[in-house]
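>>> Structure, please.
(one chain, ligands or ions: 1)
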Amino acid sequence: MVYYITGSPPCARRGRVQTMIEIREAADSDWSEIWPIFRAVVAAADSFVFDPGTSEEEARGIWLARGNKVYVAVDDGHIVGSYLLKPNQPGLGSHIANAAYMVHPEHAGRGIGRLMGEHSLAQAKEAGFRAMQFNIGVSTNEAAVRLWTSLGFQIIGTIPDAFRHGTLGLVDAYIMYRSLE
Ligand SMILES: CC(C)(COP(=O)(O)OP(=O)(O)OC[C@H]1O[C@@H](n2cnc3c(N)ncnc32)[C@H](O)[C@@H]1OP(=O)(O)O)[C@@H](O)C(=O)NCCC(=O)NCCS
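Numbers count the residues shown, from 1 in each chain. You can find the predicted model right below:
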């Protein structure tokens, strides 16, 4: 599916331009472009619980694990973001989806996260999930918390000191939930 976003380009050009972003299912061969995004996002130690030094092999195992539906956001032939969608729990809890999103830091703030969020909600609904839940939303991750609340997620619980932030130390994490019905 192709979307248009209007925003400032990541290069030095001034002004707002309309860009075409395609969101499609990832192929195995996309990994070489997903990995630099995973590495940069996880190394920041401010949004994901994965070890900041996660190896490429481990990262591939996490992101492309069997059972994950993985999508990429493509701008002008280059992958600028990726998200995965999966059941939050096995068996009797598998009707609630879970997802994880990463935008290349150089492309943050262009609307790609919002596009992927909206796309994932539509995909989850189409796949028959009844709700979506994030289990460990880092409370200090302002961009993510604002994005998810603006897309209808509610903070349904706070886990004290659940995340060892790379620069802030122990910070709270949120459980965020949104019905898809
Ligand atoms: C969080 C993340 C997915 C957002 O993607 P993005 O493409 O940068 O965000 P967008 O440009 O789509 O902005 C969406 C909303 O996020 C919020 N936002 C984005 N950047 C922000 C910032 N620097 N400060 C505060 N809010 C911000 C705004 O509410 C924005 O709403 P708007 O569209 O009305 O302006 C992205 O920054 C990212 O990959 N971060 C690291 C990994 C992560 O946190 N993943 C999410 C946890 S699963």
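>>> Go through the chain and flag its longest helix.
In the chain, with assignment by DSSP state H, the single longest helix is helix 112-126.
>>> do it and the ligand meet?
Yes: applying Cβ under 6 Å from any ligand atom, one finds that helix 112-126 is in contact with the ligand at Ile112, Gly113, Arg114. Using the backbone N, CA and C atoms, a C-beta is placed for each residue, glycine as well.
>>> Stretch 153-170 too?
No: Stretch 153-170 lies out of reach of the ligand by Cβ under 6 Å from any ligand atom, never closer than 10.9 Å.
>>> returning to what we had before: could I get the longest helix of the chain in PDB with only the CA atoms?
C-alpha atoms of helix 112-126 as PDB (Å, rounded to 0.1, in the frame of the first residue of the first chain):
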ATOM      1  CA  ILE A 112       6.400   7.300   9.300                       C
ATOM      2  CA  GLY A 113       5.700   6.000  12.800                       C
ATOM      3  CA  ARG A 114       2.100   7.300  12.600                       C
ATOM      4  CA  LEU A 115       1.700   5.600   9.200                       C
ATOM      5  CA  MET A 116       3.000   2.300  10.500                       C
ATOM      6  CA  GLY A 117       0.800   2.600  13.600                       C
ATOM      7  CA  GLU A 118      -2.300   3.200  11.500                       C
ATOM      8  CA  HIS A 119      -1.300   0.400   9.100                       C
ATOM      9  CA  SER A 120      -0.700  -2.000  11.900                       C
ATOM     10  CA  LEU A 121      -4.100  -1.400  13.500                       C
ATOM     11  CA  ALA A 122      -5.800  -2.100  10.200                       C
ATOM     12  CA  GLN A 123      -3.700  -5.200   9.700                       C
ATOM     13  CA  ALA A 124      -4.400  -6.400  13.200                       C
ATOM     14  CA  LYS A 125      -8.100  -5.900  12.800                       C
ATOM     15  CA  GLU A 126      -8.100  -7.600   9.400                       C
END
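>>> helices or strands up against that helix?
strand 2-7, strand 17-25, strand 69-75, strand 78-87, strand 96-103, strand 131-138, helix 142-150 (3 or more Cβ pairs under 8 Å, 6 or more residues apart in numbering; DSSP states H and E).
>>> Average pLDDT for that helix, rounded please.
Averaged over helix 112-126, pLDDT sits at 98.
>>> quick one: it to strand 131-138, angle?
Relative orientation of helix 112-126 versus strand 131-138 (axes from the mean of the first three to the mean of the last three Cα atoms, to 10 degrees): 150 degrees.
>>> So what touches helix 112-126?
Outside helix 112-126, the residues that touch it by Cβ atoms under 8 Å, 6 or more residues apart in numbering are 1, 3, 5, 21, 23, 69, 71, 73, 75, 80-83, 85, 97, 99, 101, 103, 132, 143-144, 147-148, 150-151, 178, 180.
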